[in-house]
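Participant: Quick one: sequence plus predicted model below, questions after.
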Amino acid sequence: MLKETDHLFFSEPLVLVLLYTSFCGTCEMAKRMLAVLSQTVKDVAFYQMNANLHPAVLKQYDVRSIPCFLIFKNGRWIDQFYAFYSVSFLYDKLQAYSHSET
C-alpha cells in the first residue's frame with residue numbers, strides 16, 4: 001500500500017516516492033503498479049506525494065514531468081525517473097537500487 005507523505009525525510013533503508021497529481025491518468029496507473037509491488041517487495045517503503053500541494057519539492061528535485069519517482073537510500077536522495085513500463089520493470093529497478101552501494 002502507498003502511504004501519503006508530506007515530507008521527504010525517511011528512516012527506512014530504501015524508499016520510493018511517487019509524485020502525482022489528482023487528475024493524472026498515468027499517475028493512477030503508476031499507483032496501481034506500486035500497490036502490486038508493495039505487496040511483494042517488503043524491503044522497500046512506498047510513499048506518494050501530491051505534487052500540487054508541494055511545489056517546493058518539485059523545484060528542489062527539478063521535477064520536469066508527473067508522474068515522477070524519487071528514490072531515497074539510507075535517508076539520502078539518490079535518483080529520480082519518469083518512465084515505468086511495467087511492474088517487472090519497476091521491480092528490476094528497485095532490485096538494482098537495493099543491491100547498489102549508493
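Facilitator: All right, it came through fine. Residues are numbered from 1 along each chain as shown.
Participant: Check which helix or strand the residue nearest the centre of the chain maps to.
Facilitator: Nearest to the mean C-alpha position of the chain, by Cα atoms, centre = their mean, lies V17 at 2.7 Å. Using DSSP states H and E, the element containing V17 is strand 14-20.
Participant: Touching that strand from outside, list them.
Facilitator: With Cβ atoms under 8 Å, 6 or more residues apart in numbering as the test, strand 14-20 has contacts from 2, 5, 8, 27-28, 30-31, 34, 43-51, 54, 57-58, 63, 66-73, 94, 97-98. Quick note: C-beta positions are derived from backbone N, CA and C, even for glycine.
Participant: can you give me the angle the helix or strand that that strand is followed by makes with strand 14-20?
Facilitator: Next in sequence after strand 14-20, counting helices and strands by DSSP H and E, comes helix 25-40. Interaxial angle, helix 25-40 versus strand 14-20 (axes from the mean of the first three to the mean of the last three Cα atoms, to 10 degrees): 160 degrees.
Participant: buried sites along helix 25-40?
Facilitator: For helix 25-40, a neighbour-count test (16 or more other Cβ atoms under 10 Å) marks C27, A30, K31, M33, L34, L37, S38 as buried.
Participant: Just name the closest of the residues you listed to E12, please.
Facilitator: Closest approach to E12 among these (Cβ to Cβ): S38, at 12.4 Å.
Participant: Summarise which helices and strands the host helix or strand of D92 is packed against.
Facilitator: Taking DSSP H and E as the criterion, D92 maps to helix 87-99. Helices and strands in packing contact with helix 87-99 are listed as strand 14-20, helix 25-40, strand 76-81; criterion 3 or more Cβ pairs under 8 Å, 6 or more residues apart in numbering; DSSP states H and E.
Participant: got the CA coordinates for that helix in CSV?
Facilitator: Only the C-alpha atoms of helix 87-99 are listed here, as CSV (Å, rounded to 0.1, in the frame of the first residue of the first chain):
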residue,chain,number,x,y,z
VAL,A,87,5.5,-3.9,-12.9
SER,A,88,8.5,-6.1,-13.7
PHE,A,89,10.4,-3.0,-15.0
LEU,A,90,9.8,-1.3,-11.6
TYR,A,91,10.7,-4.4,-9.7
ASP,A,92,14.0,-4.8,-11.6
LYS,A,93,14.8,-1.1,-11.0
LEU,A,94,14.2,-1.4,-7.3
GLN,A,95,16.2,-4.6,-7.0
ALA,A,96,19.1,-2.8,-8.7
TYR,A,97,18.9,0.1,-6.1
SER,A,98,18.6,-2.3,-3.2
HIS,A,99,21.8,-4.1,-4.3
